[in-house]
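Visitor: fold the following and give me the result.
(4 chains, ligands or ions: 4)
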Amino acid sequence: MATKTKDRAETSAAPAKAVNGTAPLPEAKLKQIYSTMLKCRTMEEKIRILFKQGRFSGNYYAAVGQEATEVGCAIDLRPSDTIAPSHRDFIANLIKGTPLNLMISQIYARKTSPDQGRSSPAHCGYAPLNIITPASTIAAQLNIGTGVALAYKMQKKDDIVMAFSGEGSTSLGFWHEAVNFAGVHNLPIVYVIQNNLWAESVSVKLQTKVEDLSIKAQGYGIPGITVDGNDAVAVYRVASEAIHRARTGGGPTLIECKTYRWYGHSEIDPAKYRDPAEVEYWKSKDPIPFMENYLAKYKLWSDDFKAQILESFQKELDAAIEFAEKAPYAEPEEALDHVYSFSIRDRELNRKTWTPTVLQK
Amino acid sequence: MATKTKDRAETSAAPAKAVNGTAPLPEAKLKQIYSTMLKCRTMEEKIRILFKQGRFSGNYYAAVGQEATEVGCAIDLRPSDTIAPSHRDFIANLIKGTPLNLMISQIYARKTSPDQGRSSPAHCGYAPLNIITPASTIAAQLNIGTGVALAYKMQKKDDIVMAFSGEGSTSLGFWHEAVNFAGVHNLPIVYVIQNNLWAESVSVKLQTKVEDLSIKAQGYGIPGITVDGNDAVAVYRVASEAIHRARTGGGPTLIECKTYRWYGHSEIDPAKYRDPAEVEYWKSKDPIPFMENYLAKYKLWSDDFKAQILESFQKELDAAIEFAEKAPYAEPEEALDHVYSFSIRDRELNRKTWTPTVLQK
Amino acid sequence: MPLITYIDAINTALNEEMKRDEKVFIIGEDVGVMGGAFKATKGLIEEFGPDRVIDSPLAEGVIVSSSIGAAMAGMRPVPEIQFVDFVTPAMDAITQQAAKLRYRSAGTQTCPITLRICYGGGVAGGLYHSQTNTTWFAHEPGLRVIAPSTPYDAKGMLKAAIRDDNPVIYFEHKKLYRSIKEEVPSEDYTVSLDKAVVRREGSDMTAVSYGYTMQLMLQAADKMKSEHGINVECIDLRTLNPIDHDTILNSVAKTNRVVLVQEDHRTLGISSEISAVIAEQAFECLDAPILRVTAPDIPAIPFAPTLEKFYMPTVEKIQAAMERCAQY
Amino acid sequence: MPLITYIDAINTALNEEMKRDEKVFIIGEDVGVMGGAFKATKGLIEEFGPDRVIDSPLAEGVIVSSSIGAAMAGMRPVPEIQFVDFVTPAMDAITQQAAKLRYRSAGTQTCPITLRICYGGGVAGGLYHSQTNTTWFAHEPGLRVIAPSTPYDAKGMLKAAIRDDNPVIYFEHKKLYRSIKEEVPSEDYTVSLDKAVVRREGSDMTAVSYGYTMQLMLQAADKMKSEHGINVECIDLRTLNPIDHDTILNSVAKTNRVVLVQEDHRTLGISSEISAVIAEQAFECLDAPILRVTAPDIPAIPFAPTLEKFYMPTVEKIQAAMERCAQY
Ligand SMILES: Cc1ncc(C[n+]2csc(CCOP(=O)(O)OP(=O)(O)O)c2C)c(N)n1
Ligand SMILES: Cc1ncc(C[n+]2csc(CCOP(=O)(O)OP(=O)(O)O)c2C)c(N)n1
Ligand SMILES: [Mg+2]
Ligand SMILES: [Mg+2]
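Guide: Ligands and ions are numbered 1, 2, ... in the order given. Predicted coordinates for the structure are as follows:
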């Protein structure tokens, strides 16, 4: 339990080197982290434009600004590991490998989406890669993920679960029940709190009296650590240690990533409740240039490298948008499907009328 | 935040002197604590006999063995303070001053009970003294109590709330929501966990991975302390400090009292899941002789003193039992009362039938 | 009288009640600095301060339970649940505490709270921002459950609820917020929490609904008149618990035919209870089967427009049922 | 065939299913070392160990949600809620997750759990150990809800539920646990989760109930025969969601009279839905009002014996309704 934190000083955000020595990560991994962050950013900025253009309806919850957190945590997960995403973790799909055509179909609520257009945009899951289709209910995915971890343990697998939640989610009773349960049963799960300081319009100061949310781990007897969520390498190292612990029977970890969402809670939220200076401060801590500098230091980055990633991803993305825009909606009656393992179509569509079978008595 | 505990060593149970110097409490207070504990014990042992004799039905949840905790915490509360009791805190009524006739009427579910026989025995509240009538739902009283504390703060009163819960209750989401909320709003409330090691048949080891439950306070940014729940003086000092803090705007405190229930979860539970040696160990730590020794050390105790308390209380108790046994049950139709602020009797008892008002068209 | 929207009616009622009685306070997610997800509480934190307009932690359980406790201690809390889809964490507080506190204490402890809950679909909200869930609470004696469908009622019933001594669940339909306007008195007034109301008189058929579909039902009734000369008496239920049986049964005694309309899915929606009451207490009055226009029995409103449209009751679907009823 | 009680039937079914399929496990409060508050899981921890019979923390939410997740990952969890009065903390897990997971993932993610819930009154349990609350779940498409009333069904339906691919809520009535015995096969068998069953044939009247009151209804029917020569057809609903309409409507088409019996309070109990279905789909078949025998609309069963007795349906109350129905 090397990362178990005892007091505030230690739980503060710390760059990668402070966590686990100074040896840099393999070059390929560093580049993969960077390119994935870049793709996430590109995709979400594009989705935001599509929304503003009215090309899909509903809403979208961008994680722009939080890419280091999501990528640093999830980049190494196996297909057989489970991700339990919240409303803000659409990009978890990109990281884990959900085909882009399917993801954008989700945004457009088309029949070709993994959920055939049932959930709201951004609420994307993908069964083949074990990404739980999220409800909107806060913390629900984390609670279900805890059950998946229970199964993994029972099945003696070395797969693990990574459950994302926002700092607002920590106030909810279910969150507590799940983390406490994981502690008792020493489950293979990593709880990642993306503390972006706001839950819709509510400041973290009104959520809880504590400053570093990883201290909550102490109430459950599990390791907790706070990390700079805008430093992908730091996040990666912290997450790697937690994932390793979970995989090897060491039980759950609570990671708090301090980060920030650049935009409103959703695309219809002008986020006037925030001080513009706060937004500017966090934009200046943009995780992507931060990572570029880091890579550059090791001569792993160039404008060209970036341009190449962007160019090929843009193509993929444009193709996916075209695919989704051309895809059909589900047929109206399909609303009746997948309620149960059996069909209810006949029951709902053909209601019979009874007449007396015998003469009046 | 003098009692805020930083690590395990400090949160361990500690006798009174370790908490707040060595000055003994006023003699009258010490005697009052003792005599109240004795009355609680006497009453509950009597109620258990009455149950075994089949003189009332339902069930009873005795706090025998936990008297130091309850008395030490609640003895100094004002009538205008609120107690939020759980199923095991029937004796909170005795401590706060609910008339014995009414309490025993509750046991007998008579019309003369504060709830007119609606709740199960042991679920006793008393509005004039601000004792919340408990639901059986675990932690519910604590959540409602938190709302009372919110009102007290809004109303700028210096009344406080004391909310009891068992260690099992701490696993429930609502518990977490309430304590976290009290932290954010700095409410005048004292949360007392009576950790009696068992929640029905479930060991505290299966409830949570932590050893000293007061550490959970850290997740809410409030002071937490663990105290020997069988040492009434220690409990009293810890509680006094917490009550004082709450009264003077210092916010909530979480107190864990380590204690033990001697008997089964309820009168129908033989408690076979416990090691008899464990029971014996805790019986040897009986808070009442412990207090007798303490008093004796200061020459405040004698057989005679005890006999006097018992004699007069026995009389009171016998009279209350007689009162209750002679009291009537509510009339059947009274089941329809107090659903709303208005009566539903007419609606429920006199259902009308309609016939067509005009000729057929 | 000013012409105002449904949501303005709510906002005004809150404002006026907070002025009238300093025991009234608001608590919920985003009710403060943001003025509510739909702006129902807009401007209130500026006027009454953060002690009376509390941005709560993300925890519906304690939003309601803290209100219950505060109400016990003399306050008049008006907690808010942002979407009924997220009311589940407060299920214990609502059904086991608020609904039963008066009963379990034989009337000695009470909790006059007014829990505002935003509900309803037809706004591309998808599975978790469109639910109805009125049944859970209409089924609980001890709760008053109301669901106004007009700005006038929205204001008058909210004021009455806040002054009422019982726990009231106030269902406000998000599709109504800005879709209808009505002239609403600036003076203080309240609307009874006990009574359904006849919105449109008619002798040929009784139709009953609440919330958004009440408005659709009125439109369908107009078409029945203009297209078939059939006079549909339209009852706005308004109160879902306890239900005003008399207004409905008096109407059925007159019309002998019934169409019930609800946005909720079919099984155990509010219409089921109304149907059962009629079939039991006004059987002689019936000339035709009691028809229900409801959503299909699927878990919630799916997001895609084709699917949502299939789900929602419409004027056409209601009119078709009225025609079937008339022709029977 | 051995003569066994309802609770033995449950215990045997659990034991057999755990032997048959190692993916089956149990989780709940006191299910392990204590063998359950009523001993439904007695002996299982000794036989299958604490990894498959998990004494959970006191947290109904995670009892159900961890089961949902485990089921997604291939297990067959059988979580238990000790008393339905305490199911509220699991309301989100049950209604928003279990009921909607298959739907929201278009069938790609499913959670075959069997949630056993102990319910019902008449045992001096008081307000918080006697509730019914079946409506909350019968109202939720996506859930199967079953409520066996005999030992044979208790065993066969529990086995079917565990093998079923849908989330099933299994309501077991505490008053039935030890009050009835029946011959139950030792061999493996299952009972359909789709069908109501005619427990007693009759041509004069249809009576429908479930759970404990099903047994009372049969007794009342016997009295109707012996005292009045009236043949009451008794239907045991068994499945509360989705309800088997055909069995009921076929019977009503034959008898033309209906009495519905439920232990739950009146408004929006299961009988309301059955009444509405009949009034809509078999109106022509009705010769009399559809009568409901229910508890009054009060928040829960009060403790004192006078009050509990007033609350509970009895053979006498049921018979009185049958007589009224026959005389109409
Ligand atoms: C139980 C529940 N209550 C309320 C909501 C409405 N809601 C959606 S997101 C949100 C804020 C979430 O904040 P946080 O957990 O910090 O995540 P973030 O949006 O910042 O990523 C709220 C209140 C919900 N979805 N579920
Ligand atoms: C929400 C809820 N779940 C389950 C129960 C059943 N139950 C009653 S008491 C109890 C154990 C309580 O343990 P603890 O909190 O330690 O209190 P103690 O009985 O030891 O005083 C349980 C599980 C309940 N009353 N409420
Ligand atoms: Mg946040
Ligand atoms: Mg305990």
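Visitor: distance from the chain centre to stretch A:293-311, please.
Guide: With CA atoms, centre = their mean, to the nearest Å as the basis, stretch A:293-311 stands 25 Å off its chain's centre.
Visitor: up against ligand 3, what does the stretch 101-250 of chain A have?
Guide: Residues of the stretch 101-250 of chain A lying close to ligand 3 (CB under 5 Å from the ion) are A:166, A:167, A:168, A:196, A:199. (C-beta placed from N, C-alpha, C; glycine too.)
Visitor: make TSV out of the residues you listed and add neighbour count, pLDDT and secondary structure.
Guide: TSV is the format used below for these (neighbours: other CB atoms under 10 Å in any protein chain shown; pLDDT from 0 to 100; DSSP: H, G, I helix; E, B strand; the rest coil):
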residue	neighbour count	pLDDT	secondary structure
A:166	27	98	strand
A:167	24	98	coil
A:168	29	98	helix
A:196	24	98	coil
A:199	24	98	strand
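Visitor: got a list of what the residue in the stretch 1-150 of chain C positioned nearest to ligand 3 touches?
Guide: For the stretch 1-150 of chain C, the residue closest to ligand 3 is residue C:58, as judged by CB to the ion, at 8.9 Å. By CB atoms under 8 Å, 6 or more residues apart in numbering or on different chains, residue C:58 lies in contact with A:138, A:168, A:169, A:171, A:172, A:199, A:202, A:207, C:29.
Visitor: up against chain A, what does the stretch 101-250 of chain C have?
Guide: C:124, C:125, C:126, C:127, C:128, C:129 (CB under 8 Å from any CB of the partner chain).
Visitor: now the helices: where do they sit in the stretch 51-200 of chain C?
Guide: Applying DSSP state H, counting those that start in this stretch to the stretch 51-200 of chain C gives helices spanning C:60-72, C:91, C:101-104, C:134-138, C:151-163.
Visitor: state the mean pLDDT of the second one.
Guide: The reference is to helix C:91. Across helix C:91, pLDDT averages out at 98.
Visitor: which elements pack onto that helix?
Guide: Judged by 3 or more CB pairs under 8 Å, 6 or more residues apart in numbering or on different chains; DSSP states H and E, helix C:91 is in contact with no other helix or strand.
Visitor: what are the contacting residues of that helix?
Guide: C:136, D:88, D:89, D:91, D:92.
Visitor: also the third one?
Guide: Contacts made with helix C:101-104 from outside it, assessed by CB under 8 Å, 6+ apart, are listed as B:115, B:118-119, B:123, B:133, B:135, B:144, B:338-341, C:68, C:72, C:109-111, C:142, C:166-167, D:127, D:298-300, D:302.
Visitor: do the same with the fourth one
Guide: Counting by CB under 8 Å, 6+ apart, the neighbours of helix C:134-138 from elsewhere in the structure are C:87, C:91, C:94-95, C:119, C:143, C:145, C:147, C:169, C:171, C:240-241, C:243, C:264, C:268-270, C:273, D:135-136, D:139, D:267-268.
Visitor: could you look up the SS state of the nearest residue to residue A:90 once chain neighbours are set aside?
Guide: Counting by CB to CB, 6 or more residues apart in numbering or on different chains, the nearest residue to residue A:90 once its immediate chain neighbours are dropped is residue A:122, at 4.6 Å. Of the three states, residue A:122 takes coil under DSSP: H, G, I helix; E, B strand; the rest coil.
Visitor: so what's the backbone phi/psi at residue A:122?
Guide: With angles defined as degrees, to the nearest 10, residue A:122 sits at phi 80, psi -20.
Visitor: report the contact partners of it.
Guide: Counted by CB under 8 Å, 6+ apart, residue A:122 has contacts A:59, A:60, A:61, A:87, A:88, A:90, A:106, A:107.
Visitor: is stretch A:131-151 anywhere near chain B?
Guide: No: Stretch A:131-151 lies apart from chain B when judged by CB under 8 Å from any CB; the minimum separation is 9.3 Å.
Visitor: now the strands: where do they sit in chain C?
Guide: Using DSSP state E, the strands of chain C run over C:3-5, C:24-28, C:53-55, C:76-81, C:114-119, C:144-146, C:168-173, C:181-183, C:197-200, C:205-209, C:232-236, C:239-241, C:258-265, C:291-295.
Visitor: in TSV: the ones you listed, plus mean neighbour count.
Guide: Formatted as TSV, the strands of chain C follow (neighbours: other CB atoms under 10 Å in any protein chain shown):
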stretch	mean neighbour count
strand C:3-5	16
strand C:24-28	24
strand C:53-55	25
strand C:76-81	26
strand C:114-119	27
strand C:144-146	26
strand C:168-173	26
strand C:181-183	14
strand C:197-200	17
strand C:205-209	29
strand C:232-236	26
strand C:239-241	25
strand C:258-265	28
strand C:291-295	23
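Visitor: would you turn those into CSV with distance to chain D and mean pLDDT?
Guide: Supplementary listing: these in CSV, determined by distance: least, CB to the nearest CB, whole Å; pLDDT from 0 to 100:
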stretch, distance to chain D, mean pLDDT
strand C:3-5, 30, 97
strand C:24-28, 18, 98
strand C:53-55, 22, 98
strand C:76-81, 13, 98
strand C:114-119, 14, 98
strand C:144-146, 10, 98
strand C:168-173, 14, 98
strand C:181-183, 30, 96
strand C:197-200, 20, 98
strand C:205-209, 12, 98
strand C:232-236, 17, 98
strand C:239-241, 7, 98
strand C:258-265, 6, 98
strand C:291-295, 6, 98
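Visitor: any idea of the pLDDT on the closest residue to residue A:141 other than its chain neighbours?
Guide: Nearest non-adjacent residue to residue A:141, counting by CB to CB, 6+ apart: residue A:84, 4.0 Å away. Residue A:84 carries a pLDDT score of 98 in this model.
Visitor: ok, the one 5 residues further on next?
Guide: On pLDDT, residue A:89 comes in at 98.
Visitor: which SS class is it?
Guide: coil.
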